[in-house]
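Visitor: After the sequence you'll find the predicted model.
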Amino acid sequence: MNAHVSKDPLHGVTLEAIINALVARYGWEVMASRIKINCFKSDPSVKSSLKFLRRTPWARAEVEALYIESLTDKAVSENVPAEEDPWANWKNKSD
């Protein structure tokens, strides 16, 4: 029997993993410029971001959208060495 494989790119990915991956890819400054929320601008941390995003559905939706967009951003990922690529494991699992 084949197990059901979700086509949802967020399936099985925690909010913390999303934030860590986005910070690794873009950094806090770029994230703050793309998503206008204080937890990315003023003294950013994963902990403060998690707290805010768990209570703020519209902001979480924007972060999840940026994450999904980053998964398809081939131009950036092609220029990153595999050992530094935060999506390397995801890419291997999707093959």
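Guide: Happy to help now that I have it.
Visitor: how close does A24 sit to Y67?
Guide: As judged by Cβ to Cβ, to the nearest Å, A24 and Y67 stand 12 Å apart. (Glycine included, C-beta is placed from N, CA and C.)
Visitor: quick one: which of those two has more around it?
Guide: Y67 (19 against 13; other Cβ atoms under 10 Å).
Visitor: which element is that one on?
Guide: helix 57-71 (DSSP states H and E).
Visitor: and that helix, which residues are buried?
Guide: The neighbour-count check on helix 57-71 (16 or more other Cβ atoms under 10 Å) flags 59-60, 62-64, 66-67, 70-71 as buried.
Visitor: Adding distance to H11 and pLDDT, write those residues out as JSON lines.
Guide: Listed next are those as JSON lines, based on distance: Cβ to Cβ, whole Å; pLDDT from 0 to 100:
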{"residue": "A59", "distance to H11": "21", "pLDDT": "96"}
{"residue": "R60", "distance to H11": "16", "pLDDT": "95"}
{"residue": "E62", "distance to H11": "19", "pLDDT": "96"}
{"residue": "V63", "distance to H11": "16", "pLDDT": "95"}
{"residue": "E64", "distance to H11": "12", "pLDDT": "94"}
{"residue": "L66", "distance to H11": "17", "pLDDT": "94"}
{"residue": "Y67", "distance to H11": "12", "pLDDT": "93"}
{"residue": "S70", "distance to H11": "16", "pLDDT": "89"}
{"residue": "L71", "distance to H11": "12", "pLDDT": "87"}
